[in-house]
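1. Need a 3D model of the following:
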Amino acid sequence: MASKRVVIIGAGPTGLGAAYRLHELGYDNWVLYEKSDGVGGHATSHVDKHGFVWDEGGHVIFSHYPYFDKLIDKVLGKEVHERIRESWIVQGDDSWVPYPFQSNLKYLSKEIQVRCLVGAAKAAANGSAREAGNFRDWILATMGEGIAEAFMFPYNSKVWTTPLEQMSKNWIAERVAVVDFKRLLENVLYDRDDVGWGPNNKFKFPLHGGTGDIYRRMAAHFPEKIKTGKKLAEVDVANRRVSFADGTGDSYDVLISTSPLDLLAHMIKPADSRLTDAAQGLEHNNLLVVGLGLKKKIETGRCWIYFTDSEMPCYRATYFSHYSPFNVPNGDTEQYSSLMCEMSFRVGETPDPEKVLDQVTAGLIRAKMLEEADRSRIVSRYHRIVGYSYPIPTLGRDRALDVLQPALLEKGIYSRGRFGAWRYEIGNMDHSVMMGVEAVNNIVAGEKELVFHSS
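-> Take a look at the predicted model:
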C-alpha cells in the first residue's frame, strides 16, 4: 500500500517538528510549505543593519520533554549558553521585586506589603478559587486584592490587552504561581528570597543567530522538502487539495496546518458556516518588538524585567546581550549591549514604533536600567510588528475549539501549534515542536498525541 502523502503548512516550531520527525522515521512522502522566505515562524531571528540580532519577542529554551531536550542537544551541540533565570518586576517608581512577585513581597514598601498580606490572608481563608468564573475573579480568590492591584491586574492587562473578566481561568496551570499564604508570610518575616518557581528557572539560548538558529539547523536536514514563498489560500476538503496565493497547489492525504485556526476556518472550501461561526470565538492580539542597541557595556545577571507602570508601554524588557554575546555586533559585549522590549496591542490598533521607542527609552531611564547619558550611546533603534502573538484564552475559546478541532480532524486536518491549537497553555516552543512530532507519530503509528490532548 502506498504511504499517505503528508503536507505541512508553516515552517515554525510545529511544522519543523513534524518535518524533523518524518525525516527521522525515514518517511519520504511529505512536503512543507512556508509563506515567508525563511524558516522559524515567530521563533525566527533577524539581524539589523548595525549587526544586532533580535528575536520576535522573548524566547528561551526550557522543556518538559526528553525528546525536545535531545533534539536541542543534537542541533545546537555545544553552541549554546545556559543561564539561571534572574527576572524582576518594576513596581511603581522605584520598587524592584524578584519574580514571582507574590513570593517576594519583602521588597515592597511596608504599606503595600500589608495590603498584599491582608488580601492574601482573606483569600486563603475564603478558599473560593474553584468558584471563580473568570481570570479576574480567580486572581482575587487566590491572591487577594493587594497582590491583584499591585501586580497581577496591571501586568496581565498589558500582556493580554483584554478585560481580565472576559478571560477564562482554565489555562493557568504552571503559567501563574499561586499563593501559599504561610510561605508568603515567612518570606516577609524572615527576609527570605523566593525566586526558584517555574519551569524556566534555568534556560538555554543559542550561541549564534538568536532563537532562529535552532530552526535553521533543523531545516538544514531536509532543504529539498521545504518550499518557501507559498502562502496558503484555500483548502479544498472534498478533493484534499491545498492552493497557494501564487496559483500553485498540491494534493494531500493528511494535512498538518500551523496556520492560525481562525484564518484556516475561512480557507476551507466548500465554505462551512459552522466552522467560520465558531472561529468568531477566537481572539488574539499582536506584538510590537522594539530594540535598543547600545555602544555601552552592560554587566548584568538579569534576564528579563516585567513592568506594571502604565507610562511604560512594554510589559517586558529583556537584556538580550546577556543571552549570548553574539546578539551584539561581532560578539563584542565589551563595547555593545542590547535591550529588547515587547508591547502587546489589540487587533485594529496601529502603534507608532518611533513614538513607542521614545517612550520605552524614557521608561528604561526611569527604571534606572539606562542612564540619561545613554541616549547618545544608542546606535540601533529597532522595531518589528509581529502579527498573532498571544492566542487569548477568552471565556468562549474552548467552545469554539470543541467545534473546530474535531471537524477538521474528520477531514484529515491536524491544526496544531501555538495558533493552530489556539491554546496559550501549550504554546511554548517545546510544546509546539512536540505537537508536530506527536501529530506525525499519530499519523504514522497511531500513537496518542499527549501534548495536544493535555488539559
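2. Just the strands from the stretch 1-150 of the chain, written as ranges.
-> Remark: strands assigned in the stretch 1-150 of the chain by DSSP state E, counting those that start in this stretch are 6-9, 30-33, 45-47, 53-55, 80-84, 87-91, 95-98.
3. Give the buried residues for the last one.
-> Judged by neighbour count (16 or more other Cβ atoms under 10 Å), strand 95-98 contains these buried residues: 96-98. Backbone N, C-alpha and C define where each C-beta goes, glycine included.
4. Also the fourth one?
-> By 16+ other Cβ under 10 Å, the buried positions in strand 53-55 come out as 53-55.
5. OK, contacts around the nearest residue to residue 96 once chain neighbours are set aside?
-> In this structure, residue 96 finds its nearest non-sequential neighbour in residue 88, 5.2 Å apart by Cβ to Cβ, 6 or more residues apart in numbering. Shown in contact with residue 88 (Cβ atoms under 8 Å, 6 or more residues apart in numbering): 96-99, 302, 305-306.
6. per-domain residue ranges of the protein.
-> Residue ranges for each domain of the chain read 6-45+65-79+210-282+395-445, 101-189, 283-392, as given by automatic domain parsing.
7. Worst mean pLDDT among those domains?
-> Confidence, taken as mean pLDDT, is least for domain 101-189 of those (a mean of 88).
8. So which of the strands of the stretch 1-150 of the chain is nearest residue 446?
-> Proximity to residue 446, assessed across those by Cβ to Cβ, is greatest for strand 6-9 (14.6 Å).
9. Neighbouring strands - and their directions - for that closest one?
-> In its sheet, strand 6-9 lies beside strand 30-33 (parallel), strand 254-257 (parallel), with partners assigned from DSSP bridges.
10. would you turn those strands into JSON lines with distance to residue 105 and mean neighbour count?
-> Converted to JSON lines, the strands paired with strand 6-9 look like this (distance: least, Cβ to Cβ, whole Å; neighbours: other Cβ atoms under 10 Å):
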{"stretch": "strand 30-33", "distance to residue 105": "49", "mean neighbour count": "22"}
{"stretch": "strand 254-257", "distance to residue 105": "45", "mean neighbour count": "25"}
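11. With distance to residue 7 added, can I get those strands in JSON lines?
-> Converted to JSON lines, the strands paired with strand 6-9 look like this (distance: least, Cβ to Cβ, whole Å):
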{"stretch": "strand 30-33", "distance to residue 7": "6"}
{"stretch": "strand 254-257", "distance to residue 7": "5"}
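12. where does residue 343 land in three-state SS?
-> Using DSSP: H, G, I helix; E, B strand; the rest coil, the structure places residue 343 in strand.
13. so it makes contact with residue 285?
-> No: with contacts counted by Cβ atoms under 8 Å, residue 343 stays clear of residue 285, the gap being 10.2 Å.
14. which of those two has more neighbours?
-> Between residue 343 and residue 285, counted using other Cβ atoms under 10 Å, residue 343 has the larger neighbour count: 25 against 19.
15. Let me know the distance separating that one from residue 300.
-> Distance, residue 343 to residue 300, by Cβ to Cβ, to the nearest Å: 22 Å.
16. Run the angle between whatever helix or strand residue 158 lives in and strand 87-91 for me.
-> If you go by DSSP states H and E, residue 158 is part of helix 153-160. Orientation check (axes from the mean of the first three to the mean of the last three Cα atoms, to 10 degrees): helix 153-160 against strand 87-91 gives 120 degrees.
17. Just the C-alpha atoms of helix 153-160, please, in CSV.
-> Taking Å, rounded to 0.1, in the frame of the first residue of the first chain, the C-alpha atoms of helix 153-160 are listed here in CSV:
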residue,chain,number,x,y,z
PHE,A,153,-4.1,43.3,37.3
PRO,A,154,-1.8,45.9,35.7
TYR,A,155,0.7,43.4,34.3
ASN,A,156,-1.9,41.0,32.8
SER,A,157,-3.9,43.9,31.3
LYS,A,158,-0.7,45.0,29.4
VAL,A,159,0.1,41.4,28.2
TRP,A,160,-3.5,40.4,27.1
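18. Can I get the next helix or strand after that helix as CSV, trimmed to CA atoms?
-> For helix 153-160, the following helix or strand on the C-terminal side (DSSP H and E) is helix 181-189. In CSV, the C-alpha atoms belonging to helix 181-189 read as follows (Å, rounded to 0.1, in the frame of the first residue of the first chain):
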residue,chain,number,x,y,z
PHE,A,181,0.0,32.3,52.5
LYS,A,182,2.2,30.7,55.2
ARG,A,183,5.2,30.8,52.8
LEU,A,184,4.4,34.4,51.8
LEU,A,185,4.3,35.5,55.5
GLU,A,186,7.5,33.6,56.3
ASN,A,187,9.3,35.2,53.3
VAL,A,188,8.5,38.6,54.7
LEU,A,189,9.2,37.9,58.4
